[in-house]
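> okay, here's the prediction I keep looking at, along with the sequence it came from:
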Amino acid sequence: MASGKLFKPSSSRLPRGTLTAARLLTTEPFALHDRLQASIQRSSYLRHHVEGLRYKISRLDEHISKLRAAVRLAELNTESPAAQQVEQSHYLVEQQLALERRAEQVDAVIQLVESLRGDAASEMTDRALNWLSATRAALPQQITEQQTQIDQWLEPVGQQPPQMQTAFKQYLHGYREIATEKQPLLRELEISEAQLALDQVSFAVPVDSTQLTEFTLDEIASLRAGKLSDPVRERLTQASIEAVSITPQPLNEVTNLFTVLDRQGQAHMLAVTLIHYVAAENGGESDEQTVRLLSNKLLNSSEIIRVVAVNRLSLGGKFSVYFDRWREFLTENPRDNTEGGVFPAIWGTVVMTLIMTIAVVPFGVMAALYLREYTHAGPLVSLIRISINNLAGVPSIVYGVFGFSFFCYLIGAYIDGGPKNANVIPLPSAAWFASMSVTAVVGTSAFLLSFFGSGPAHTQTATKRWFSKIALVLWIACVAAMAYLLLKSPFFDGFYREYLPNPTFGKGGLLWAALTLSLLTLPVVIVATEEALAAVPNSLREGSLACGASKWQTIRRIILPHARPGILTGAILAMARGAGEVAPLMLVGALPSAPDLPLDNEFPFFHGSRSFMHLGYQIYTLGFQSPNSEAAKPMVFTCTLLLILIVAALNISAIYLRARLKRRFQGNQF
C-alpha cells in the first residue's frame, strides 16, 4: 500500500461472520464454537472417566502392594526367602488368566458365527466353526497345564513354615482376584484414552515470522487454477518452502485458501484475502490483497479448556466466564506450572496449619504454666527463658534442617524399621533389661518422694521441699531413661519394615512438617501465654487457695479460663507465622505436585506420611522454578492473594472464637 493513503474497508464485499487477522478462517464461527463446545464437554467427561479409572487401578495396585508386604513380613519373620516365587507367580497367573479370557472370546465368536450362519451354511463358515471348536477344545487342557506348572513352581513354598504358606496362598488368591478385576478396567481405560485422543481439531494459524509480498491478480488466478508460477515459487522459497504442488481450497470470493506441498511431503496453508478499500486521494476504488502463510496446528479437544464467543458475550456471560475461571482455580488440580487449579495446595495449607496449631498450643501452654506458676526465679528458669528467646531468633531454615534430620531420619526411620533402620545400635538384651530395672526403681523413688513432698504450701517444711525438688529431678531422669531405652530397644523392628527400603515415615510428610513448624512457633505461644497468665489478678489465686482449692484446681478453674483469650492470641500469632513459612517445608514434605491429599475419605482418613502441596511453596516454585516465569506471574500474584486470604480467614475464625469465650466467661462472673 502506498503511503499517504487512507484505506477504508468496504463491509459489502466481506462475508458476514469471517474472523479477520487470519486467526480462524471460516464463514461459520458460531457453528464452530458450538462444535468445539460439544467436543469440550465430551472430552471433559472422558477425561474425568479416565481419571476415575486410573484411580481405581491405582487402588488395586495398592492392594497388591499390601498383599506383597504381607508376604515380605512373613519372609522376614520366618527367614525364608520367597521373592523369586512371588515374581514368577505373577507371570504364571497372568498367563492362566489370559488363557481363560481367550476361551471366553472364542466362545463369543462361535456364538456369533453360528447366529450368522443361517440355514444355508457355506463351506467357509463350516471351516471357521471347525477351527474355532478345535481351538476352544484345546484351551481347557492348556489351562490345566498352566495350573500344573504353577503348582510345580510353588512346591518349595509348601516346605516352608506355616506363616509363609498362609501369606503366600492369600497373596496368590488376592492377586488373581485383583488381576481379574483389573483387566476390564485396563481395557476400558485403553478405549477411553483412544477416544480422548481421536477428537482433534485442525487450525491454520499464521506464521508471524514469515513475510510474503502481495500477489498480483494474475498470480492469484494461476493459483486458483492449481498452477505454481515462478514468482510464487520464488516467494515460497524465500519462506523456506520448496513447493512441489498447490491445491486450491476456495472459501469465498474474498478469502482463498491453498494447500502447498513441499518436497518433504509437509503441507502448508496459504491464505490470500482480497480487501476492497477506498483510496482517499482520488476517490477511486481498487483491490489489494494480503498474503499470509499459515501453519497447520492439530489440537486435541482435551487440551481446550473453554471456548468463548467474545462477540456474543453479554454482561452476565462475562461474569459467568470470570467466575468459572475462579471455580477452576479453586477446585481443580494443577495441570502444569502455570495453568489449572490449586485446590491440593489450599487443602494442604489449611490442614498443615490446623495440625501445627493443635500440636503447638498444648506444649506452649504447659511450658508457660511451668515458668509462671510452678517455678521461681533462679538459674534454671533464666536458662530456659534465654533458650526460648534464642529459639525465637533462629532462622526458619535451621528448623527445617533439624526437622529433616530428627523427625525424618531418626523418628520416622525408627517407626519404619526400628533402631537398625535409624542407624541406632540397640542395647544387648541383658543390658536393656538391667537398665529397665534401674529406671523402674528410679520411677518408684520419684513417686514416693512426690507423695511425701506433696501438700499445701503453708504446711511444707524444708524437708518436704527438698523431697519435691529431688522428685522432680528423678522424674525428668526417668522420662529421659525411658526415651533412651525405647530408642535402643533390641525387641522392636518397626511397624513398616516389610515396605523397606521404600520408607513410609522415614521421609518428608505432612506430620513432620506440622511438628517442625510447631517447634518454630513454640516461642510465640509461650510468650503470649505467659503474658496472659501474668494478666490474671493475684487476688483470684489467693482467694481460690484461701477457699481450700489446690494448686491445680486453681489453675484449671480460675487461671486458665481468665487466660483463654490470651492463649488464643498466641495461637493466632502462631498460625499467622506458620502458615506462611516456606523454607522448612522445602525439606520436610512439601512438593510442587502431590497426587494424593493428606486428609481424604479413605481409612484412616489422615495420612501423615504423605507429602503435600502448600501455597507458599507453590508461590516459590512458580516464581523461581518455573521455566517461563513471565507466564507464571498471574498465578504467583493470585496464589499470594489466596494465601493472605486463607491466613486472614483462619485468624478471623480464631478471633471470633476468642471473643465468644471472653463474652461467655465475663457473663458468668458476678
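In hand now; what should we look at?
> just the mean pLDDT for stretch 561-581, thanks.
Stretch 561-581 shows a mean pLDDT of 86.
> got a list of contacts for that stretch?
Residues outside stretch 561-581 that contact it (C-beta atoms under 8 Å, 6 or more residues apart in numbering) are 349, 352-353, 356-357, 360-361, 364-365, 396, 517-518, 520-521, 524-529, 531-533, 535-536, 540, 560, 616, 643, 646-647, 650-651, 654-655, 657-658, 661-662, 665. Where C-beta positions appear, they are placed from N, C-alpha and C, glycine not excepted.
> can you say which of the residues you listed are buried?
Listed as buried from the contacts of stretch 561-581 are 349, 352-353, 356-357, 360-361, 364-365, 396, 517-518, 520-521, 524-529, 532-533, 536, 560, 616, 643, 646-647, 650-651, 654, 658; burial here means 16 or more other C-beta atoms under 10 Å.
> among those, which are in helices?
Under the assignment DSSP state H, these contribute 349, 352-353, 356-357, 360-361, 364-365, 396, 517-518, 520-521, 524-529, 532-533, 560, 616, 643, 646-647, 650-651, 654, 658 to helices.
> tell me what the lengthiest helix in the chain is packed against?
Ranked by residue count and defined by DSSP H, the top helix of the chain is helix 29-78. Where contact means 3 or more C-beta pairs under 8 Å, 6 or more residues apart in numbering; DSSP states H and E, helix 29-78 is packed against helix 83-117, helix 162-198.
> save those helices as JSON lines, and put in mean pLDDT, distance to Ala546 and mean neighbour count too.
Output for the helices and strands packed on helix 29-78, formatted as JSON lines (pLDDT from 0 to 100; distance: least, C-beta to C-beta, whole Å; neighbours: other C-beta atoms under 10 Å):
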{"stretch": "helix 83-117", "mean pLDDT": "70", "distance to Ala546": "73", "mean neighbour count": "14"}
{"stretch": "helix 162-198", "mean pLDDT": "82", "distance to Ala546": "66", "mean neighbour count": "15"}
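> so can I have CSV of those helices showing distance to Tyr322?
Listed next are the helices and strands packed on helix 29-78 as CSV, based on distance: least, C-beta to C-beta, whole Å:
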stretch, distance to Tyr322
helix 83-117, 51
helix 162-198, 28
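> can you show me the strands along the stretch 201-350 of the chain?
For the stretch 201-350 of the chain, applying DSSP state E, counting those that start in this stretch gives strands covering 243-250, 255-262, 267-278, 285-300.
> measure the residue nearest the centre of the chain to Glu581 for me?
Geometric centre of the chain, nearest residue: Ala594, 2.5 Å, by C-alpha atoms, centre = their mean. Noted for Ala594: a distance of 18 Å to Glu581, by C-beta to C-beta, to the nearest Å.
> who is Asp262 paired with across the strands?
For Asp262, the beta-bridge partners are Ala243 (DSSP bridges).
> in this structure it contacts Ile246, no?
No - with contact defined as C-beta atoms under 8 Å, Asp262 does not count as touching Ile246 (10.6 Å).
> so which helix or strand of the protein has the lowest pLDDT on average?
Ranked by mean pLDDT, DSSP states H and E, the weakest helix or strand in the chain is strand 285-300, scoring a mean of 61.
> my read is Ser539 is in a strand, agree?
No - read with DSSP: H, G, I helix; E, B strand; the rest coil, Ser539 is helix and lies in no strand.
> do you know the pLDDT at Gln669?
At Gln669, pLDDT is 50.
> pLDDT value on Ser405, please?
Note on Ser405: pLDDT of 92.
> likewise for Val351?
With respect to pLDDT, Val351 scores 92.
> how about the contacts made by it?
Counting by C-beta under 8 Å, 6+ apart, the residues that Val351 touches are Leu510, Pro598, Leu599, Phe612.
> cool, Ile646 as well?
Ile646 makes contact with Ile346, Thr349, Val350, Ala579, Leu615, according to C-beta under 8 Å, 6+ apart.
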